[in-house]
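Enquirer: need a 3D model of the following:
(2 chains)
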Amino acid sequence: GESVGLHLPTLSVQEGDNSIINCAYSNSASDYFIWYKQESGKGPQFIIDIRSNMDKRQGQRVTVLLNKTVKHLSLQIAATQPGDSAVYFCAESRGSYIPTFGRGTSLIVHP
Amino acid sequence: KAGVTQTPRYLIKTRGQQVTLSCSPISGHRSVSWYQQTPGQGLQFLFEYFSETQRNKGNFPGRFSGRQFSNSRSEMNVSTLELGDSALYLCASSLALGTGGNTIYFGEGSWLTVV
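Expert: Next up is the predicted model:
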């Protein structure tokens, strides 16, 4: 998986499979986390967020898991579709401090 | 509700020229931040404005500047352009400074090519 500050280039999955994208964050004081999807030529699009008082949050086909003990965040995409192909990156933040963004993971969905 | 709007979307400039990029945040958002995105460096923070004041600044040279207007709209300027300034410039808006526990929303970006 990716680490904020490090780069994991590519994750390839078959259409219909579940995808898991990981993110290791560095600041144990971070209390708010966001996942973004960035398609080629477009700006990052908000997917889902989670606060540090939660360990799981679900959206439409996506789930974010937060493990504060090991400072790990993951994004699970159910029944991955070709339209999910994009770069996914996480962000960690704390209060009014500037958020820190990961480099991103490129998800490639094969039909 | 309109999202973050950036103009222009694409532009080509010559070395030594200057460029101004514009950003209109989501209605009600008072924080506007700017990022430079390149394939090798990822998202690099430029600066953040809140209530017309620059609140945070990244590690970029003084050629990069910005401002925010009373309606929260923001502009960034790059003077004496260099080839290395070629990048996607992203504007993001939020209700509060940093995230303050609120989501940051990005615009589609302005693609700058310096030749």
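
Enquirer: interface residues of chain A facing chain B?
Expert: Those residues of chain A that sit near chain B, judged by C-beta under 8 Å from any C-beta of the partner chain, are A:7, A:31-32, A:34, A:36, A:42-46, A:49, A:51, A:89, A:91, A:93-99, A:101-104. Heads up, the C-betas are built off the backbone N, CA and C, glycines and all.

Enquirer: so what's the residue nearest to residue B:111 when sequence neighbours are not counted up against?
Expert: Nearest in space to residue B:111, with sequence neighbours left out and distances taken as C-beta to C-beta, 6 or more residues apart in numbering or on different chains, is residue B:10 at 4.7 Å. With contacts defined as C-beta atoms under 8 Å, 6 or more residues apart in numbering or on different chains, the neighbours of residue B:10 are B:110-111, B:113.

Enquirer: just among those, which is most surrounded?
Expert: Counting by other C-beta atoms under 10 Å in any protein chain shown, residue B:110 has the largest number of neighbours within the contacts of residue B:10, with 24 neighbours.

Enquirer: so it sits against residue B:86, correct?
Expert: No. Here residue B:110 does not reach residue B:86: they are 11.6 Å apart, not a contact under C-beta atoms under 8 Å.

Enquirer: would you state the strands of chain B in chain order?
Expert: Under the criterion DSSP state E, chain B contains strands at B:5-7, B:10-13, B:19-24, B:31-38, B:42-50, B:53-57, B:64-68, B:74-78, B:87-94, B:105-106, B:110-114.

Enquirer: residue A:14: which of the ones you listed is closest?
Expert: Nearest of these to residue A:14, taken as C-beta to C-beta: strand B:42-50 at 27.7 Å.

Enquirer: return the set of buried residues in that closest one.
Expert: B:42-50 (16 or more other C-beta atoms under 10 Å in any protein chain shown).

Enquirer: now distance to residue B:33 too, for the residues you listed, in a markdown table please.
Expert: A markdown table is the format used below for these (distance: C-beta to C-beta, whole Å):
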| residue | distance to residue B:33 |
| --- | --- |
| B:42 | 15 |
| B:43 | 10 |
| B:44 | 11 |
| B:45 | 7 |
| B:46 | 8 |
| B:47 | 7 |
| B:48 | 4 |
| B:49 | 7 |
| B:50 | 9 |
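
Enquirer: contacts with chain A among those, please.
Expert: When C-beta under 8 Å from any C-beta is applied, the members of the buried residues of strand B:42-50 adjacent to chain A are B:42-43, B:45, B:48.
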